[in-house]
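# Here is a sequence together with a model predicted from it:
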Amino acid sequence: MKTFYRLMSFTGGRRYLLVLGFVCAFGVTVAGIAIPWFVGDAIDRAFPPNGPDRPDLLWPLALAILGLSVLRFLFGFGRRYSTNYLGHVVEYRLRRALFEKMLSLHHGFYDRASTGELVSRATNDLRVVRFFVGWGMFQLFISVLTLAVVSVALLYVNWSLALIVLSPMPLLAFAAWRFAAKVHPIFRSVQQKLADVTTSVQENVSGIRVVKSFSREPFEKDQFGGRAEGVLNETMAARGLRAFYIPGMSFIPATSIAILILFGGRAVVEGSLTIGQFTLFQLYLMQLVWPMQGFGMVIDQGQRALASCERVFKILDSEPDVRSPEDPAPFPSETPGVELRGVTFSYADEGDPVLKGLDLAVEGGEAIAVVGATGSGKSTLLSLIARFYDPEEGVVRVGGTDARRLDLGELRRNVGMVPQETFLFSESVRDNITFGNPDATQEEIERAARIAGIHEQIRAFPKGYETMVGEWGITLSGGQKQRVAIARALVKDPKVLLLDDATSSVDAETEKSIQEALQGTLEESRGRTTFIVAHRLSTILLADRIAVLEDGRIVEAGTHEELLERRGRYHAMYGEEGRMERVSA
Ligand SMILES: Nc1ncnc2c1ncn2[C@@H]1O[C@H](COP(=O)(O)OP(=O)(O)OP(=O)(O)O)[C@@H](O)[C@H]1O
């Protein structure tokens, strides 16, 4: 019930649609029920059981039936219009709330949530809710009302006959409910299996080169065949149920009619029931069929809609772990230094910490290269500076102020990040570059692109900066993407720049392309506090200082020469390569 009330709160401001929907649903039902009543009356007036015929009385009855039909049409129109409108409004509002919430949630939330699940919340779940608000809820009301009024009317006309002919009807409701309960899990499973099939197709298309280079076509074919067959089998199971239940359900009302013919017909012969009343019984029985059938379906649908609502509300109720303070400290106007003191951090609550009491101080305007083995926590360190996560212990200070005391939006505006994995939107190159600074001038955009070493290439694209990227346009190479991402970070003119070098996982050509872009960026960024996760010595040498990360701590820090002289971890990692690079240069 709480979930239902909360769902209804999303109709706020459009409550009149809710009221209109119920008023029209009431009107449609009452008009629909009144028509057979007049028909029955008409028959009895035209052919009275005793006394002369009075065909003149048929006129007003025919007009009344026509009038009621017009009313029913108007009410039906009003109901459909208002309730569909309401369903779409609620779906729109929930979707917006969900999207806004998703934007506000922290990285930790996304580490745990699966993309498929979230997309399913925003599409499938909301569709079920819309269907319930825009149709099911009112249909339930119409069914209950029809059932109550028609039953009372039949009991009023002839209570004993009513009891007998209505007796199979609950069976119809039961059968419909069983049908819905059996079919829905199958449909849900079909949906899931269809999603698996889609994933298979998607992954094989985008990973076709890997599939082919490992000669995995037979395996992929089998796996796809198995999944597609799963869909077929499940669908066939649902078909079997439908084939049985749907004709089965029309069998039950036929039983009621047979009972009516038997008992009602006898009553007519005996004179205790008029022909008009007999017709009324028959018409009303037919009117009960759909509400009875619909009952089970609507109740099942209502349950699914409430379950969907709960899943959506669960996301809406998630609180971001990383939040802006109520009373933020001002962001430093000068280029701030960054200091990490005793920082301990782990991704999972009970997991092994990735960073263990890490200390590192970087002066304002200094460029520091962070080096360390794969998985040592270099990217994690950068994430803490941008406050994607907060440390469990210790503090990250930006310009001497605890990052948690700074306004989050302002911090992120002043921190430019180039992550390891670049994501570009399916928009123009320009829009991708100005993502963090939509007001950037053409000059600023081109300057950033030049530093990132991509300006000339962009100009050579079919529409220059207006060329669309991604699914709607050209496909950029790994190196080009990374360069656009660097330009995107630079166009914000951030005071702190975080560069996560992606060169460890790309081919030699892309690596060279990214290297050049990073070098250009570092040379230009002298006035910024820059962190660069570096793998190649040529990049490392561009930094003022180098910090070596191992076992969750900075184990060495200093200039290239200092660290080589120390003959510690850095020497072990770069002593040899350094020598080799110098020889080849
Ligand atoms: N979002 C995450 N959720 C859970 N664990 C994570 C997450 N990101 C990283 N890790 C784990 O934290 C550890 C450090 O990862 P991180 O990406 O910071 O290393 P790295 O030094 O940048 O590695 P590389 O040089 O390969 O990029 C790894 O063991 C990794 O598996």
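Now that the structure is in, tell me what you want to look at.
# so Ile164 sits right up against Ala258, yeah?
No. Assessed by Cβ atoms under 8 Å, Ile164 is found out of contact with Ala258, at 11.2 Å. Quick note: C-beta positions are derived from backbone N, CA and C, even for glycine.
# To what extent is Asp407 buried, counted in neighbours?
The burial count assigned to Asp407 is 15, neighbours taken as other Cβ atoms under 10 Å.
# Give me the distance between it and Gly552.
According to Cβ to Cβ, to the nearest Å, Asp407 stands 29 Å off from Gly552.
# swap in Leu71?
For Leu71, the distance to Gly552 - Cβ to Cβ - is 76 Å.
# Could you do Gly207 as well?
Per Cβ to Cβ, Gly207 is found 34 Å from Gly552.
# Who has more neighbours out of the two?
Gly552 (22 against 13).
# residue contacts, the more buried one?
By Cβ atoms under 8 Å, 6 or more residues apart in numbering, the residues touching Gly552 are 344, 353-358, 376-377.
# Can you select the buried ones from those in ChimeraX?
To isolate the buried members of the contacts of Gly552 in ChimeraX, using 16 or more other Cβ atoms under 10 Å:
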select :353,354,355,356,358,376,377
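# Let's see which of the contacts of Gly552 end up in strands.
344, 355-358 (DSSP state E).
# any chance of these in CSV, plus pLDDT and distance to the ligand?
Listed next are these as CSV, based on pLDDT from 0 to 100; distance: Cβ to the nearest ligand atom, whole Å:
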residue, pLDDT, distance to the ligand
Thr344, 94, 13
Leu355, 93, 9
Lys356, 91, 12
Gly357, 91, 16
Leu358, 93, 12
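# residues of the helix or strand containing Ala449 that come out buried?
Under the criterion DSSP states H and E, the helix or strand holding Ala449 is helix 442-451. Buried residues in helix 442-451, defined by neighbour count with 16+ other Cβ under 10 Å: 444-451.
# Kindly report the same for stretch 538-557.
So stretch 538-557, judged by 16+ other Cβ under 10 Å, has buried residues 539-550, 552-554, 556-557.
# And for stretch 562-578?
Buried-residue list, stretch 562-578, by 16+ other Cβ under 10 Å: 563-564, 569-571, 573-574, 578.
# domains of the chain?
Listed domain ranges for the chain are 7-316, 338-584 (source: automatic domain parsing).
# just the ones you listed: most buried one?
Mean neighbour count, computed with mean count of other Cβ atoms under 10 Å, is highest for domain 338-584 among the domains of the chain, reaching a mean of 18.
# residue contacts, the closest residue to the ligand within the stretch 101-250 of the chain?
Across the stretch 101-250 of the chain, no residue is closer to the ligand than Asp111, which sits at 4.2 Å (Cβ to the nearest ligand atom). By Cβ under 8 Å, 6+ apart, the contact set of Asp111 is Tyr347.
# partners of Val396 in the sheet?
Val396 forms beta bridges with Leu340, as assigned by DSSP bridges.
# Show the contacting residues for it.
Contacts of Val396 (Cβ under 8 Å, 6+ apart): 338-340, 343, 384-385, 387, 402-403.
# repeat that for 6 Å
340, 384, 403 (Cβ atoms under 6 Å, 6 or more residues apart in numbering).
# Against the ligand, how distant is it?
To the ligand, Val396 is 15 Å away according to Cβ to the nearest ligand atom, to the nearest Å.
# Centre of the chain to the lengthiest helix in the chain, how far?
Across the chain, the longest stretch assigned as helix under DSSP state H is helix 58-104. Chain-centre distance of helix 58-104: 26 Å, with Cα atoms, centre = their mean, to the nearest Å.
# Dump the helix or strand following it to CSV, restricted to CA.
With elements assigned by DSSP H and E, the helix or strand that comes after helix 58-104 is helix 107-112. Extracted C-alpha coordinates of helix 107-112, given in CSV (Å, rounded to 0.1, in the frame of the first residue of the first chain):
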residue,chain,number,x,y,z
HIS,A,107,31.0,5.5,-8.5
GLY,A,108,30.7,2.9,-5.8
PHE,A,109,27.0,2.4,-6.8
TYR,A,110,27.9,1.7,-10.4
ASP,A,111,30.7,-0.7,-9.3
ARG,A,112,27.9,-2.9,-7.8
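# can you give me the offset of helix 107-112 from its chain's centre?
Helix 107-112 sits 15 Å away from the centroid of its parent chain (Cα atoms, centre = their mean).
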